[in-house]
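>>> below: sequence and its predicted model.
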Amino acid sequence: MKEIVTTLLILFASLILLVSYNARKSNSSTQTKARKMVPIKDFAKMYRNPQAYYNHQIILTAKVIKVIENNKGMTYLPVYTILKKEQNLLIYIKQTKLNVKVNNTIRVVGIIRNQYEGRGKKELMIAPLIEAISIEVLD
């Protein structure tokens, strides 16, 4: 009887280890997908169709148009790229009290999450929505 209980405990422990290993393996593959980079040559394609680049990592330099903090611990930065002034992006970071001001040039490392649609000053604005991993002020 003791041997049966011991065998069942060993099988149960092995099953738990196997399940936790598979969960860890699947989690790391999800993180790998998020690290796929958007090449510079594909930036225009990403700008036109951000959903096709969902979870891709991007590194860009941009100029801050406005700093918007909300009460949920988030800061939103409408920006335009240095390459083309008409390419607006919306950057958000899960942090408040950033040391970023309007007209600062920033370097952003982030992950493309979605597409933002809202009203600009004159027209409907459609822009990629990027979750920032890090923001560095360059000037």
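Structure's in. What do you need?
>>> show me where the chain has its helices.
For the chain, the helices defined by DSSP state H cover 2-34, 43-48.
>>> worst mean pLDDT among those helices?
Ranked by mean pLDDT, these bottom out at helix 2-34, with a mean of 52.
>>> how close does Gly73 sit to Val67?
Gly73 sits 15 Å away from Val67, going by Cβ to Cβ, to the nearest Å. Quick note: C-beta positions are derived from backbone N, CA and C, even for glycine.
>>> please apply the same query to Arg107.
Distance from Arg107 to Val67, counting by Cβ to Cβ: 16 Å.
>>> got it, and Ile58?
With Cβ to Cβ as the criterion, Ile58 and Val67 are 20 Å apart.
>>> neighbour count: those two, which is higher?
Using other Cβ atoms under 10 Å as the criterion, Ile58 and Val67 rank with Ile58 on top: 23 against 14.
>>> and the end-to-end length of stretch 72-86?
Using Cα to Cα, to the nearest Å, one end of stretch 72-86 lies 29 Å from the other.
>>> so what touches it?
Stretch 72-86 is contacted by residues 43, 60-70, 87-96, 98, 100, 105-106, 108, 127, 132, 135 when judged by Cβ atoms under 8 Å, 6 or more residues apart in numbering.
>>> what comes up buried for it?
Residues of stretch 72-86 classed as buried: 75-81 (neighbour count, 16 or more other Cβ atoms under 10 Å).
>>> and what of stretch 86-99?
Across stretch 86-99, burial judged by 16+ other Cβ under 10 Å covers 87-93, 98.
>>> over to stretch 53-71?
Buried-residue list, stretch 53-71, by 16+ other Cβ under 10 Å: 53, 56-58, 60, 62-65.
>>> using CSV, write out every CA atom in that stretch.
Output in CSV follows, covering the C-alpha atoms of stretch 53-71 (Å, rounded to 0.1, in the frame of the first residue of the first chain):
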residue,chain,number,x,y,z
TYR,A,53,2.9,44.3,-37.2
TYR,A,54,1.1,43.6,-33.9
ASN,A,55,3.6,42.6,-31.1
HIS,A,56,6.6,43.6,-33.2
GLN,A,57,9.3,45.6,-31.5
ILE,A,58,10.2,49.0,-32.9
ILE,A,59,13.0,51.6,-32.3
LEU,A,60,12.3,55.1,-33.4
THR,A,61,13.2,58.8,-32.9
ALA,A,62,10.4,61.2,-32.7
LYS,A,63,9.4,64.7,-31.7
VAL,A,64,6.8,65.1,-28.8
ILE,A,65,3.6,67.0,-29.8
LYS,A,66,1.9,66.8,-26.4
VAL,A,67,2.3,65.1,-23.0
ILE,A,68,-1.0,63.5,-21.6
GLU,A,69,-0.9,62.0,-18.1
ASN,A,70,-4.0,60.2,-16.8
ASN,A,71,-4.9,59.0,-13.3
